[in-house]
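[1] Here's a sequence, model it:
(2 chains)
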Amino acid sequence: MEMIKNMNKNTRANIITYGIVIVAFVIMQALTSMGAISNSMIGLLVPITAYICMAISLNLVVGISGELSLGHAGFMSVGAFTGLVVSAMLAPAGLADPIRLAVAILIGGILAALAGLLVGIPVMRLQGDYLAIVTLAFGEIIKNLLNNLYVGLDANGLHFSMRDAASLGMQGGNILINGPQGAAGIDKISTFASGFVLVLITLTVVLNLINSRSGRAIMAVRDNRIAAESVGINTMKYRLMAFVVSAALAGMAGALYAMNYSSIVPKKFDFNTSILVLVFVVLGGMGNIRGGIISAALLTILPERLRFVGDFRMLIYAIVLIGVMIVSNNPIMKSAIGGFFERFKRRRDDDDDATQLALSTEGGDAQ
Amino acid sequence: MSFLTNLINGISLGSIYAIIALGYTMVYGIAKMLNFAHGDVIMVGGYLCFIVVSHLNLPPIAAILLAVVGCTALGIVVERLAYKPLRQAASLAVLITAIGVSYFLQNSALLIWGADPKAFPSVVPFPSLNLFGGQLTISSITLVTVLVCVLIMVALTTFTSKTKMGKAMRACSEDKGAAQLMGINVDTTISMVFAIGSGLAAIAGVLLCSAYPTLMPTTGSMPGIKAFTAAVLGGIGSIPGAALGGVLLGVIEIFAKAYISTQLADAIVFAVLIVVLLIRPAGLLGKEIHEKV
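    Numbers count the residues shown, from 1 in each chain, chains lettered A, B, ... in the order given. Got it, this is the predicted structure:
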């Protein structure tokens, strides 16, 4: 107990976050093996882990680096479709499924990182809402290009085309990506366990980055760009670093997500998906990794739980969203919650939580 | 002649974008928020007009008026209920709320009117215009769209520069605190901006659905995003900028469809936006604000 008390506050917070993820995984695994959860819920397990990864990765850009990105689903789709192609190429090699999945996810992440770098270099020249609209534009461009991408695999290797499936010049083989129809006949090799591992990896990467020298530089740029620049921080470099790492993690999540379904279309990763992930981040508290994880899980389950209301499902989701935003930003509610934490803090007689709280609210103001 | 036809179609489409972009730009100018629900107000305007024409059998002009009144009221109500409580909140919170409103409107439309596309009746009962001995045909809706857009631009520019309310709007977008000290009711002014923006969205909705006559709950999303892009292209917060951005975007989109690739037209439109923003980071007519240390 004494050891935990003396620990660095960041280390302690991080251990709690890892703990929550691990405990949630163990509980879900136990419930699944006992047959205590419904089939629709089991079908949601991999998407939940993928969305958690997305939420963590977007939090790095929006919460930690303070840039509003509205095109994160674009990187997810780059990873998803790259992962599919890699997985199909590896299929004849006879590798075990987890290894094939790992390679596919890794290469999906690398390609998404490249896309992130290409997008990031022009994007980082802009700021604020202009930056947001350009990320939106890039997201739409990526979707549009993938909508016109045809990839086939035969004995001669890969064939690419931007026109139609006929111009691939295939001799037998399979069409892997068929333009707007997307990919079909995917090997469903994603599992809940692999999703859990990916969440842990994403979490480790982001938490270690935040608590490193680079992470502090990124946050310094967020809090005051000019001040950071004047103490010799290369603002472009650190903003780009957060953006590219985030894109890579989003690509990995995308590969995991895609290989959970037998077919997937480029339209799945549109503006609405980017917004969905942004909602996870904002509701969880900007820059608060743990909050993002929890809200990603809850908000993925919520529409499923609301199935009994039928067509009113998304309407209720919308009302909940507006309601939560209004209540959580209400000055009276805010001071009530703040006061609650204040009391809590005094009882613990150390100021860790206050700094934590102050950090998360300041993150909210930084644009 | 096909070049001229494309140009005219582009200007017409651009005029619709420009009218929508006005709503974005005015709201951004005064409330500094990206109102993502604006595109769905267009859709509501389209449905209102559709209902009045096809079920109540009223003349088109009555339908348009009712759509404008309905959307104006909707704009005011949404602002009161969803955005006003967040006046002091972080801008991202307002953004998420706007997205919530957008979901709300889309799904309400889905529940009320169903998911199947409705065939929108034409509200412009004039024949097409034939020029150069029939070589160039301009549909009446194209002409009406451009005319309406010009009228709105002139009216709005006069309104913001000459009337008391218009001046109050400009004052509020410059400095809300100072405007309040000068006795301007900031809340009323912001409501007014939402009302005007939503009324314009209704007109845009009617024009859009007349030119592209399918009406679905998601009809407004893509034109909404494009018009938002147009507003940013022209310099967000600037009324002439919205007009310029809208028309440019429409022309580029139609030309890209006609001469480059139908499928890649959207990518080209967004690529143009990116290039423009890299050269002029505040848009074509936007004011560049230099940061002070």
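[2] mean confidence score for the helix or strand residue A:241 falls within?
    Per DSSP states H and E, residue A:241 falls inside helix A:235-258. Average pLDDT, helix A:235-258: 94.
[3] what's the answer for stretch A:132-149, then?
    90.
[4] Number of residues surrounding residue A:243?
    If you count neighbours by other CB atoms under 10 Å in any protein chain shown, residue A:243 ends up with 26. In this view, the C-beta of every residue, glycine as well, is placed from N, C-alpha and C.
[5] Identify the residues contacting it.
    By CB atoms under 8 Å, 6 or more residues apart in numbering or on different chains, the contact list for residue A:243 reads A:61, A:65, A:67, A:69, A:116, A:119, A:120, A:123, A:124.
[6] In helices, which of those residues fall?
    Judged by DSSP state H, the contacts of residue A:243 include A:116, A:119, A:120, A:123 as members of helices.
[7] Of those, which is the nearest to residue A:174?
    Of all the ones in helices among the contacts of residue A:243, residue A:174 sits closest to residue A:116, with 29.0 Å by CB to CB.
[8] Ignoring the adjacent residues along the chain, who's closest to that closest one?
    residue A:247 (2.5 Å; CB to CB, 6 or more residues apart in numbering or on different chains).
[9] Low-confidence ranges, the chain, go.
    Went with chain A since none was named. A:1-6, A:333-367 (pLDDT under 70).
[10] um, chain B though
    Looking along chain B with the criterion set at pLDDT under 70, you get B:1, B:125, B:127, B:131, B:133-134, B:288-293.
[11] Write out the residues of the stretch 201-350 of chain A neighbouring chain B.
    A:226, A:230, A:271, A:275, A:278-279, A:282-283, A:286, A:311-312, A:314-315, A:317-319, A:321-322, A:325-326, A:328-331 (CB under 8 Å from any CB of the partner chain).
[12] Just the buried positions in the helix or strand containing residue B:23, please.
    Assigned by DSSP H and E, residue B:23 falls within helix B:2-31. Within helix B:2-31, the residues that count as buried by 16 or more other CB atoms under 10 Å in any protein chain shown are B:5-6, B:8-31.
[13] what ranges do the strands span in the stretch 1-150 of chain B?
    Applying DSSP state E, counting those that start in this stretch to the stretch 1-150 of chain B gives strands spanning B:118-119, B:129-131, B:136-138.
[14] Neighbouring strands of the first one in the sheet, and parallel or not?
    Right, the one you point to is strand B:118-119. strand B:214-215 (antiparallel) (DSSP bridges).
[15] got the contact list for the strand it pairs with?
    B:43, B:46, B:47, B:50, B:117, B:118, B:119, B:120, B:209.
[16] again, only using 10 Å
    Strand B:214-215 has contacts (CB atoms under 10 Å, 6 or more residues apart in numbering or on different chains) with B:43, B:46-47, B:49-50, B:109, B:113, B:116-120, B:205, B:208-209.
[17] now swap in stretch B:252-261 and tell me
    By CB under 10 Å, 6+ apart, stretch B:252-261 touches A:148, A:162-163, B:2-3, B:5-14, B:17, B:226, B:233, B:262-269, B:271-273.
[18] now do 7 Å
    Residues from elsewhere that reach stretch B:252-261 (CB atoms under 7 Å, 6 or more residues apart in numbering or on different chains): B:6, B:9, B:10, B:13, B:265, B:268, B:269, B:272.
[19] Out of those, which comes closest to residue A:54?
    residue B:269 (26.5 Å).
[20] follow-up on the earlier one: make CSV out of the contacts of stretch B:252-261 and add distance to chain A.
    CSV is the format used below for the contacts of stretch B:252-261 (distance: CB to the nearest CB, whole Å):
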residue, distance to chain A
B:6, 21
B:9, 21
B:10, 19
B:13, 17
B:265, 8
B:268, 9
B:269, 8
B:272, 9
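[21] which two in the residues you listed are spaced the farthest apart?
    B:9 and B:272 (17.7 Å).
[22] Buried ones only from the residues of the stretch 201-350 of chain A next to chain B, please, as a ChimeraX command.
    In ChimeraX syntax, the buried subset of these is picked out as below (16+ other CB under 10 Å):
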select /A:271,275,278,279,282,283,286,314,315,317,318,321,322,325,326,329,330
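[23] And residue B:179, how far from residue B:197?
    Using CB to CB, to the nearest Å, residue B:179 is found at 19 Å from residue B:197.
[24] quick one, which of the two is more surrounded?
    Counted by other CB under 10 Å, residue B:179 and residue B:197 do not tie: residue B:197 has more neighbours, with 25 against 21.
[25] which strands and helices sit next to the helix or strand encompassing the more buried one?
    Using DSSP H and E, residue B:197 sits within helix B:186-211. Here helix B:186-211 touches helix B:2-31, helix B:38-55, helix B:60-78, helix B:140-162, helix B:164-174, helix B:176-181, going by 3 or more CB pairs under 7 Å, 6 or more residues apart in numbering or on different chains; DSSP states H and E.
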